[in-house]
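Novice: next come a sequence and a model predicted from it.
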Amino acid sequence: DAGVIQSPRHEVTEMGQEVTLRCKPISGHDYLFWYRQTMMRGLELLIYFNNNVPIDDSGMPEDRFSAKMPNASFSTLKIQPSEPRDSAVYFCASTLDRGHSPLHFGNGTRLTVT
Amino acid sequence: GQSLEQPSEVTAVEGAIVQINCTYQTSGFYGLSWYQQHDGGAPTFLSYNALDGLEETGRFSSFLSRSDSYGYLLLQELQMKDSASYFCAVGAGTALIFGKGTTLSVSS
């Protein structure tokens, strides 16, 4: 398997613009997670899905953030409008179950909002 | 709420042994995991403890004491390539929650 695939790897945008991050989980994995990583706050869980259904979005910072999983092989994280404080590395991860199975992370999207 | 505490930095020399501690506060705990992340890379899974005791995987071992809400990662025979950030993470209730990470610097 190719692993978790994220796109784009880097995104530079201006404040106020819409940003869409994409993720393809590992085939057969029932759980998909979106994390954000910054130096100050570390790895923060934003939202996770089970069988394409959002289970917990309590980590989504504001209404400007939204996530969807229209099918088992694709998820998006959208920020509209973007702000400089959204600059971070956004990781998508998938796993078979949320118990002892390890999380498999994508390579991340480095977002810079100017 | 949930919280994890681990040291922010550790330094060591090649061939040495290093222990990275992690204490946690959480509800609905179901396991302690460790992940490694090299600069610019993605976190990768190292180990998982659901029960008390020691789990060994090659040069790395991980320990858990659920009664003390404490665990550690032990790295033996350190190599330069072990220089990275190490995160403890608890499975609790909803999903994996990560600590802030420990940056390990290995020098020759």
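Specialist: The structure has been received and is ready for your questions.
Novice: residue contacts, residue A:83?
Specialist: For residue A:83, the contacting residues are A:15, A:64, A:113, by CB atoms under 8 Å, 6 or more residues apart in numbering or on different chains. For every residue, glycine as well, the C-beta is placed using N, CA and C.
Novice: which strand or helix spans the residue of chain A found nearest chain B?
Specialist: Chain B sits closest to residue A:102 of chain A, with a gap of 3.4 Å, by CB to the nearest CB. Remark: residue A:102 resides in no helix or strand, with elements defined by DSSP states H and E.
Novice: residues near it, how many?
Specialist: Residue A:102 has 17 neighbours, counted by other CB atoms under 10 Å in any protein chain shown.
Novice: can you give me the strands for chain A?
Specialist: Counting by DSSP state E, one finds strands in chain A at the ranges A:5-7, A:10-13, A:19-24, A:31-38, A:42-50, A:53-56, A:65-71, A:74-79, A:88-95, A:104-105, A:109-113.
Novice: what about the one helix or strand in chain B whose mean pLDDT sits lowest, near chain A?
Specialist: Ranked by mean pLDDT, DSSP states H and E, the weakest helix or strand in chain B is strand B:95-98, scoring a mean of 84. Yes - for strand B:95-98, a contact with chain A is found by CB under 8 Å from any CB of the partner chain, at B:95, B:96, B:97, B:98.
Novice: what parts of chain B come near chain A?
Specialist: Taking CB under 8 Å from any CB as the contact definition, chain B meets chain A at B:30-31, B:33, B:35, B:41-45, B:48, B:50, B:87, B:91, B:94-101.
Novice: how about a cut-off of 6 Å?
Specialist: B:31, B:42, B:43, B:45, B:48, B:50, B:94, B:95, B:98, B:100 (CB under 6 Å from any CB of the partner chain).
Novice: ok, and the most crowded of those?
Specialist: Within these, most neighbours by other CB under 10 Å means residue B:43, with 29 neighbours.
Novice: enumerate every residue touching that one.
Specialist: A:105, B:35, B:37 (CB atoms under 6 Å, 6 or more residues apart in numbering or on different chains).
Novice: quickly list what the residue nearest the centre of chain A is bridged to.
Specialist: Centrality entry for chain A: nearest residue to the mean C-alpha point is residue A:34, 3.2 Å, by CA atoms, centre = their mean. Note on residue A:34: beta-bridge partners residue A:47, residue A:92, judged by DSSP bridges.
Novice: now do the strands in chain B.
Specialist: For chain B, the strands defined by DSSP E occupy B:3-5, B:9-13, B:18-25, B:29-37, B:44-49, B:53-57, B:60-65, B:70-75, B:84-92, B:95-98, B:102-107.
Novice: of the strands of chain A, which is nearest residue B:72?
Specialist: Proximity to residue B:72 (CB to CB) singles out strand A:42-50 among those, at 18.8 Å.
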